[in-house]
Structure formats: structure tokens, C-alpha cells
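> have a look at this fold, sequence not included:
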């Protein structure tokens, strides 16, 4: 089963400094039939104006993955961590028993990103944060694991849940496959470009809710950048 969720149909809000679209219920957007997908709770498509951002605020018991599409985001938190994550790269915050953080666009241009929340396998624990680069050339034509709580994914940023975040860049006319497995919940969004996923067409920033598909075959109709969450 693959259900397309068109970008134009998503909930959202325009706060001036922040333009957000929500693939699932979030903040002022509430749809009781769209509270998440498996353990995936939030997928926000954010545009953050220059010299602005999210002031310090708390989180607990959530795995929060930020995939930067354009620009950069600068992170600060109550553990003393600071870092700047650029386009194509990823940061992960395991909120655990509680953490306060701020995310600012300190750049002169708009920053765009996906903010993904996945429910952890267990509550509490020490909070943590990490970030790393993932060069797009390294994932040309294939999926690379960006963040994972699955055994064996040693090169990925760690998360505390039975899930994997993967990314790929695919040239027009080429195909990449991902063996998701029946019983898993997948959510796939092209950050750019249009694609077909097992024959279902998606435009840039559309979402695809996936369940009970053994293998995903993604064909790029245009040069495309793909982000996929494979979750319980």
C-alpha cells in the first residue's frame, strides 16, 4: 500500500519567520485521522527566514532528526552542545529525560529542512545530540543510512528506536531500490525532483505513506533527492 499525500494538501502555518507544512498533526494543525505513521510522529517541511529561528524550548522522550535541504541550521542546547549543520547533512537529538535546545538560521538566505520525530523504544535516559556530513556524491544512485537504531548500522547517527532514516540522490531515468519488508511503516518524501515509487508518482515535497511493501523501487523522473524513514 502506498498513499500519496500531495504537498498542497498538507496542513501548515505561516509565522512570518517560519513557513511550515505538516505531514502529520502538529501544533495548530490537528487531524485525528493523521496523528502519525507507525512510530513516526512528526514530519515538518520548514522554511526558516534569515537571522531567525526557534528560541530555546524543551523536549523529552522523542528522537528528533533534522535533514537540512538548503542553507544551514545552528544548534545550541542545555548540554552545552553547539553545531552548524549544512545542506544535505543531518543532526539527531535524543531528547531522553529532557533537554532544552534552540535552532537558528544564522545565514543570509532562507534555510529549508525536514524535521522528523520518531517515538523512542523506551522512555527516559540521558539526552544526547550529534551531527555529521553525508556527501551527496556518496549516495548517488543508492540509499545511504543517515540515522538508525537498527543493529549493524554502525556508520549512521544513532537513534533509540527501531527505525532507520535513509537518503539517496537519483539521476533522471535511474532507479534505486530499498528492501523495506512487509509489516514495516515507510514514509518517503522527495526533497527535490519527481519520482515514481512502485508506480505511484510523487512530486517534490509530496509524501508517500507506505505499508506492507516488500521492496520499494524508486525511479527518478527528474534528478531527485529522496529521504525515507523505515519504522516499526
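Noted; the coordinates are in hand. Being a predicted model, the structure only gives us computed values, none of them experimental.

> show me where the protein has its helices.
For the chain, no helices turn up when DSSP state H is the criterion.

> now tell me which helix or strand of the protein has the poorest mean pLDDT.
Lowest on mean pLDDT, DSSP states H and E among the helices and strands of the chain sits strand 11-14, with a mean of 94.

> residue 219 - how many residues pack around it?
If you count neighbours by other Cβ atoms under 10 Å, residue 219 ends up with 19. Backbone N, C-alpha and C define where each C-beta goes, glycine included.

> again, but for the one 5 residues further on
Per other Cβ under 10 Å, the neighbour tally for residue 224 reads 23.

> show me the contacts for it.
169, 170, 172, 190, 192, 193, 194, 195, 204 (Cβ atoms under 8 Å, 6 or more residues apart in numbering).

> mind redoing it with 10 Å?
Neighbour list for residue 224: 168-172, 174, 176, 190-195, 202, 204, 218 [criterion: Cβ atoms under 10 Å, 6 or more residues apart in numbering].

> next: residue 13.
Contacts of residue 13 by Cβ under 10 Å, 6+ apart are 19, 20, 21, 22, 26, 27, 28, 29.

> thinking again about what came up before, mind listing what's buried along the least confident helix or strand of the chain?
Residues of strand 11-14 classed as buried by neighbour count (16 or more other Cβ atoms under 10 Å): 11, 12.

> adding pLDDT, distance to residue 11 and neighbour count, write the contacts of residue 13 out as JSON lines.
Formatted as JSON lines, the contacts of residue 13 follow (pLDDT from 0 to 100; distance: Cβ to Cβ, whole Å; neighbours: other Cβ atoms under 10 Å):
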{"residue": "19", "pLDDT": "98", "distance to residue 11": "13", "neighbour count": "16"}
{"residue": "20", "pLDDT": "98", "distance to residue 11": "9", "neighbour count": "20"}
{"residue": "21", "pLDDT": "98", "distance to residue 11": "7", "neighbour count": "21"}
{"residue": "22", "pLDDT": "98", "distance to residue 11": "5", "neighbour count": "22"}
{"residue": "26", "pLDDT": "95", "distance to residue 11": "7", "neighbour count": "23"}
{"residue": "27", "pLDDT": "91", "distance to residue 11": "9", "neighbour count": "13"}
{"residue": "28", "pLDDT": "90", "distance to residue 11": "8", "neighbour count": "10"}
{"residue": "29", "pLDDT": "92", "distance to residue 11": "3", "neighbour count": "17"}
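
> closest one of the residues you listed to residue 143?
residue 21 (24.0 Å; Cβ to Cβ).

> please parse this protein into its domains.
The record's domain parsing of the chain by automatic domain parsing lists 9-133, 137-231.

> how about CSV for those domains, with distance to residue 2 added?
Formatted as CSV, the domains of the chain follow (distance: least, Cβ to Cβ, whole Å):
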stretch, distance to residue 2
domain 9-133, 12
domain 137-231, 5
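
> for these, which one sits closest to residue 3?
domain 137-231 (4.5 Å).

> picking that back up, what's the spacing between the least confident helix or strand of the chain and its chain's center?
The chain centre lies 18 Å from the centre of strand 11-14; the measure is Cα atoms, centre = their mean, to the nearest Å.

> just to revisit the earlier point, residue 96: which of the contacts of residue 224 is nearest?
residue 191 (28.2 Å).
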